[in-house]
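Enquirer: With the sequence up front, the predicted model follows.
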Amino acid sequence: MHICLITIETNSMKLIKSFFTILIAASMASAQQSLTSDLLEKSAIRFSLNSEGQLEGDAREQWLQWIGDNQYIGMAEVHNSAQLSLFTKALLNTLDEKGFEHFVMEMGPNTAAILQETTANFEQAPANIKKINQAYGKKSSYRTPLVFANKIEDAVFLQEAAKLGFTLWGIDQEYDGSYTMLLDDIYKRSSNRDGSFTSAYEKARSTFNKVLYKKKYCEYLSNKEINNFFSMIEDEDLIKVIEDIRMSWDIYCKHTQGGSNQLRANYMKKNFDSYTSTHGKDAKVFLKMGNVHMTHGTSPFGVNDMGKHITEISKKEDKGFLIMRELISYRNGKSNIGKSGWKSVTMLLELGRKDQWTVVDLRPFREKVASGELTTNNKYAFELNSYDLLIIPPDDQYPKINY
């Protein structure tokens, strides 16, 4: 009889526990909220740049607070945003106050070196950038030797970077518009000066001009004239330039054949680590790259990209990494809401204003979704987990070519 009583009590306890579990679950379900633009709006901060294109007052203090003690700051940009280029000038000035000295751009390391030299005299930076674009670019088709540094608005932040003494890091492949420029640079810097060398250079250059922009990257790798000129280079620093160019062609070649974007990401990570090794692990670095490259986790394309790489480094070495995610609500006075390519982030676009910058710290919302206090769909969950700050410019425009 005693054993039966124990069995009955145990079953009763199970029933009671189940009852309370149901009550708690029901209570949590009723307490849950869906993430909405109204909730995000309550945390939105808005500001404007002053007449000199700088942050000031409360806005500057807020940005200094966001930057904090982070060692890495990433801008996950929408390419061809004139407003973002102007904001980058203000941000660089604020980052300088926090001890940042290095600026990563989405261009090749050798192009970045040329750009660094071109902007050394910061007062002449816009004019010097324009000269290079005029010499090697094609205005009608937006082909440029200085990718992501070829717009008038870009020259604004590059001039500020030069003025503040930032070191430019180019970690990407050498862009297809840069090869003639790089070839000329190799020739000018080479210690080889005999007649056959000059002839080989002229043939290689002629080959570039004939097939440039025709997406024949695989042919570059085996081209007789190009390889003949490259084989005559003896200077170690120039041999490294050639290796970078060939690696860029290999990346482009594999991409045209349906290859993975992971090869390109791996190359960027290798270059970033090389710069870090040169400048020290305590180097404070700002990165301005496309939003698909700057995510805390795997990219939207399923690539282990730069953002994930730096996130892993920052966690391992206990160094902060803040990522800003740009979205554009208005361009040329018209809303992007409902337009192709923007529909999945409608809730976020609704926060934008035509006349002010908008910033929302996404991290508290990330924590609430993780705890179950807030619910949202997979797309917005990805945004919350991938980025820390949402930044939306006022009415944006396409930047103007600096030719």
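Expert: That came through, no problem. Numbering: from 1, shown residues only.
Enquirer: Pick out the residue closest to the middle of the chain.
Expert: The residue lying closest to the centre of the chain (CA atoms, centre = their mean) is Met289, at 1.6 Å.
Enquirer: Distance from the helix or strand harbouring that residue to the middle of the chain?
Expert: Here Met289 sits within strand 285-290, counting by DSSP states H and E. Chain-centre distance of strand 285-290: 5 Å, with CA atoms, centre = their mean, to the nearest Å.
Enquirer: circling back to that earlier point, contacts only, for the residue nearest to the centre of the chain.
Expert: Counting by CB atoms under 8 Å, 6 or more residues apart in numbering, Met289 makes contact with 74-77, 104-106, 306. Just so you know, the C-beta spots here come from the backbone N, C-alpha and C atoms, and that holds for glycine as well.
Enquirer: For Phe365, state which of those residues is nearest.
Expert: For these, the closest approach to Phe365 (CB to CB) belongs to Ala76, at 17.0 Å.
Enquirer: For the closest one, pull up the helix or strand it's in.
Expert: With DSSP H and E as criterion, Ala76 is part of strand 72-77.
Enquirer: Buried by neighbour count: which residues of the helix or strand following that strand qualify?
Expert: Later in the chain than strand 72-77, the nearest helix or strand by DSSP H and E is helix 82-97. Across helix 82-97, burial judged by 16 or more other CB atoms under 10 Å covers 82-96.
Enquirer: go on, stretch 168-176?
Expert: Neighbour-count burial for stretch 168-176 flags 168-176 (criterion: 16+ other CB under 10 Å).
Enquirer: picking that back up, greatest separation within the buried residues of helix 82-97: which pair is it?
Expert: Ala82 and Asp96 (22.5 Å).
Enquirer: the helices in the stretch 251-400 of the chain, which residues?
Expert: For the stretch 251-400 of the chain, the helices defined by DSSP state H, counting those that start in this stretch occupy 262-279, 306-316, 346-349, 363-371, 378-386.
Enquirer: In JSON lines, list these along with distance to Gln134 and mean pLDDT.
Expert: JSON lines is the format used below for the helices of the stretch 251-400 of the chain (distance: least, CB to CB, whole Å; pLDDT from 0 to 100):
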{"stretch": "helix 262-279", "distance to Gln134": "28", "mean pLDDT": "97"}
{"stretch": "helix 306-316", "distance to Gln134": "31", "mean pLDDT": "97"}
{"stretch": "helix 346-349", "distance to Gln134": "37", "mean pLDDT": "98"}
{"stretch": "helix 363-371", "distance to Gln134": "45", "mean pLDDT": "97"}
{"stretch": "helix 378-386", "distance to Gln134": "39", "mean pLDDT": "98"}
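Enquirer: among these, which is nearest Ile328?
Expert: In terms of CB to CB, the element of the helices of the stretch 251-400 of the chain nearest to Ile328 is helix 346-349, at 8.0 Å.
Enquirer: Distance from the chain centre to stretch 167-174, please.
Expert: 12 Å.
Enquirer: Need the distance between the two termini of that stretch.
Expert: Using CA to CA, to the nearest Å, one end of stretch 167-174 lies 18 Å from the other.
Enquirer: pLDDT on that stretch, on average?
Expert: Average pLDDT, stretch 167-174: 98.
Enquirer: Can you list the neighbours in contact with it?
Expert: In contact with stretch 167-174 (CB under 8 Å, 6+ apart) are residues 101-113, 115-116, 161, 182, 244-245, 247-248, 251-252, 264, 267-269, 271-272, 275, 279, 285, 306.
Enquirer: And the pLDDT for the residue nearest to the centre of the chain?
Expert: 98.
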